[in-house]
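S.K.: need a 3D model of the sequence below.
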Amino acid sequence: MNILWFALCSVFITETLGNGNYYNGFKIYELSTNGRSSDFKWSELFKNESSYETFTSNGTNAYVMVHPAAEPEFFELLDNNTLTHKIVNHNVGLTLRHDFETNRNLSNCFPYEGRLGTERYYSHDEINQYIEDLAKQFPSRVSVMTVGKSYEGRWLKTITITNGDGRANKNVILMDGGFHAREWISPAAVVYAIGQLVNNFETNSQLLLDYDWVILPVVNVDGYEYTRLSPDNRMWRKTRRPSNEACFGTDLNRNFRFHWNETGASPDHCSETYPGPKAFSEPEAIVVRDLIHSLADRGKMYLTVHSYGNYILYPWGYIDALPDTWPDLDEVGRAGGDAIKAATGTDYKVGCATTLLYAAAGASDDYAFNAGFPTSFTMELPPGGTLYFDPPASDIDRLVKETWVGIEAMARKVRGLKILLSVSLKNSEFFSSLGTAVRASDESTTKGAKGD
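M.R.: Prediction:
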């Protein structure tokens, strides 16, 4: 029936596609170094963010979106660096308008009626209504708490899922989604996980035997809703609080007070990775910080869901080094990656965030790990659509079910994992190995975080 409705709704998508036109003429190119060094610095080559956005790179290949006015310079850069290219999207604006109209029509075809399916992407209000409805339907196992308010005044709410046995002070798995506004598949995957834990309780009861799950489905609620307003907004990443007279937003995943603004952030207020004027300048980051500290004494795993890239990443993200407990982190992460591979054939890379991806200081996973969560991960879901951050609605079901396979396997592995030493002790040993100057600097940072 859902397939039939999806097909019928698609008929209503007209040739008049939205009102956006900012991205008209933008193109996306796949670039290659022709097998040369895997250390090629793509970010240095295309660092002008007003002309280029590098979506992803693996050293020898990259995907870059190019402003029409920058094409002459772009091709000169390609020639000077002996790079080959092919176009993978001829008109980003047309793609965004088509996707916008599709999502708008699907919203009309599949209104919220007490459940969130996988037919379309849902608004923040619909997601909040869903978790509130679950709490009313399953009052002995589910509760909802308002944990803060966004810059624009939207309520952030967590859902706590238990098995209803009334035992206090159980271990906790803390999960969140929607740190970056354009990564719509992240909240969709988190919402699906909520449904599995609540509505599929008999199958997943072991995951709730000794653990409570605390889940914040959308962190960057203002940014998320902004991306839903028009095709021109769809690729927005940051928050919506003004950063100066001309620019808006802060990268929430650079806004945590753990080595804040050291690596992987830009001082440019308009940059996608602007870390904010200070650590915890954003109310949404403060909400996550407070959740982490309120649960750290019981927390066993922190998982933040992002897209895209097929990665399960663990600390450290601010430096190319591993904590002493990295074998535990690797064991849990690989349980997730191996389960997904066995179930669907999708490959996930598992490892240290800085080694596999790039340095990003001030991120929530590092912060949670340092605060006391013995395992902490960022899960980067697979790409989708021709813009990579835009899986079509028809792919939601496949992607969220695949993601749940990994989350479930990681949670089961955490249940069986015996961590012999506290994270705080491990971290202090790690910092001692880096030398007195670094240790002293970070101890000051850590104390500030705990008291803020």
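
S.K.: list the buried residues of the top helix by length along the chain.
M.R.: When the chain is parsed with DSSP state H, its longest helix is helix 393-416. Across helix 393-416, burial judged by 16 or more other Cβ atoms under 10 Å covers 393-394, 396, 399-400, 402-415. C-beta coordinates here come from the backbone N, C-alpha and C atoms, glycine included.

S.K.: mind listing the residues bridging to the residue nearest to the spatial centre of the chain?
M.R.: For the chain, the residue nearest the mean C-alpha position is residue 306 (1.9 Å; Cα atoms, centre = their mean). For residue 306, the beta-bridge assignment (DSSP bridges) gives partners residue 380.

S.K.: quick check: it touching residue 382?
M.R.: No: contact between residue 306 and residue 382 fails when scored by Cβ atoms under 8 Å: they sit 11.5 Å apart.

S.K.: run through the stretch 51-200 of the chain and note the low-pLDDT ranges.
M.R.: Residues of the stretch 51-200 of the chain meeting the criterion pLDDT under 70: 56-60.

S.K.: and the strands in it?
M.R.: Per DSSP state E, counting those that start in this stretch, the stretch 51-200 of the chain carries strands over the ranges 52-57, 61-66, 84-89, 142-149, 155-161, 171-177.

S.K.: so what are the sheet partners of the fourth one and their directions?
M.R.: Taking DSSP bridges as the criterion, strand 142-149 pairs within the sheet with strand 155-161 (antiparallel).

S.K.: contacts for the partner strand?
M.R.: Where contact means Cβ atoms under 8 Å, 6 or more residues apart in numbering, the residues beyond strand 155-161 that reach it are 128, 131-132, 134-135, 141-150, 194, 197-198, 208, 212-219, 221, 284, 287, 291.

S.K.: what subset of the residues you listed is buried?
M.R.: Among these, those classed as buried by neighbour count (16+ other Cβ under 10 Å) are 128, 131, 134-135, 141-144, 147-148, 150, 194, 197-198, 208, 212-219, 221, 284, 287, 291.

S.K.: which stretches of the stretch 201-350 of the chain form helices?
M.R.: Ranges of helices in the stretch 201-350 of the chain, per DSSP state H, counting those that start in this stretch, are 201-204, 221-227, 283-295, 326-344.

S.K.: pick the most buried one from the ones you listed.
M.R.: helix 221-227 (a mean of 26; mean count of other Cβ atoms under 10 Å).

S.K.: looking at the strands of the stretch 51-200 of the chain, which one is packed in the most?
M.R.: By mean count of other Cβ under 10 Å, the strands of the stretch 51-200 of the chain have strand 171-177 as the most buried, with a mean of 24.

S.K.: so which elements touch that strand?
M.R.: helix 185-199, strand 211-216, helix 283-295, strand 299-307, helix 393-416 (3 or more Cβ pairs under 8 Å, 6 or more residues apart in numbering; DSSP states H and E).

S.K.: ok, 10 Å please
M.R.: Packing partners of strand 171-177 (3 or more Cβ pairs under 10 Å, 6 or more residues apart in numbering; DSSP states H and E): strand 155-161, helix 185-199, strand 211-216, helix 283-295, strand 299-307, helix 364-371, strand 375-381, helix 393-416.
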